[in-house]
Each structure stands twice: as C-alpha cells, then as structure tokens.
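S.K.: sequence unknown, structure follows:
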C-alpha cells in the first residue's frame with residue numbers, strides 16, 4: 001500500500017477544508033459575532049496539517065484501489 005500518496009491526498013483535503021472555513025469566518029465578521037475566531041483557528045490548524053502532509057510530493061504516485069478506498073474513509077472520518 002502506498003501510504004505516502006494517502007497522506008498527500010488527505011493533506012490536499014485538509015487544505016481545501018481550511019480554505020472553505022474562511023467563508024464562515026467572513027460571515028461572522030459581517031454580522032459582528034465573536035465565534036468567528038474559532039473558525040479561523042480551526043482553519044489554521046487544518047492548513048498547518050495539510051501543509052505538513054503536502055510539502056513533499058510522493059516519489060511513487062501510483063494510486064491503486066486499496067488507496068482509493070482508504071482515502072474517502074479517512075477523509076470523512078477525521079475532518
């Protein structure tokens with residue numbers, strides 16, 4: 001099993017989630033709510049984890065069915 005490609009794909013998933021969490025932060029600023037800090041804090045944590053996972057592209061980028069089944073499980077279970 002190619003573990004490095006799984007971490008790489010999950011890293012991009014975390015980066016995408018971090019970018020999408022900016023929109024609720026902007027809405028909370030618009031409505032002058034104080035809960036927006038939690039959105040930006042979670043987005044920052046997701047971005048740091050995603051950056052760590054994606055900073056190095058895997059040498060072997062072959063993607064098999066086993067990795068294809070692992071990635072949605074980890075993508076929906078962890079975030």
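M.R.: That came in fine, so what should we check first? Since we're looking at a predicted model, the values are computed, not measured.
S.K.: Now for the residue nearest to residue 39 when sequence neighbours are not counted: which residues touch it?
M.R.: Ranked by Cβ to Cβ, 6 or more residues apart in numbering and with sequence neighbours excluded, the top spatial neighbour of residue 39 is residue 25, at 4.2 Å. C-beta: built from backbone N, CA, C; applies to glycine. By Cβ atoms under 8 Å, 6 or more residues apart in numbering, the residues touching residue 25 are 36, 39-40, 43.
S.K.: if we go to 6 Å?
M.R.: 36, 39-40 (Cβ atoms under 6 Å, 6 or more residues apart in numbering).
S.K.: do residue 7 as well
M.R.: Neighbours of residue 7 in contact, by Cβ under 6 Å, 6+ apart: residue 53.
S.K.: List the buried residues for the helix or strand hosting it?
M.R.: In the assignment (DSSP states H and E), residue 7 maps to helix 3-20. Buried residues in helix 3-20, defined by neighbour count with 16 or more other Cβ atoms under 10 Å: 4-11, 13-15, 17-18.
S.K.: Tabulate the residues you listed (TSV), appending pLDDT and distance to residue 47.
M.R.: Below are those laid out as TSV (pLDDT from 0 to 100; distance: Cβ to Cβ, whole Å):
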residue	pLDDT	distance to residue 47
4	82	20
5	81	20
6	80	19
7	86	15
8	88	15
9	85	16
10	87	13
11	92	10
13	89	12
14	92	7
15	95	6
17	93	9
18	95	4
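S.K.: With respect to residue 55, which of those residues is nearest?
M.R.: Set against residue 55, the nearest of these by Cβ to Cβ is residue 11 (8.2 Å).
S.K.: shouldn't the closest one be in contact with residue 53?
M.R.: Yes: with contact defined as Cβ atoms under 6 Å, residue 11 and residue 53 form a contacting pair (2.6 Å).
S.K.: Give me the phi and psi angles of residue 33.
M.R.: phi -100, psi 160 (degrees, to the nearest 10).
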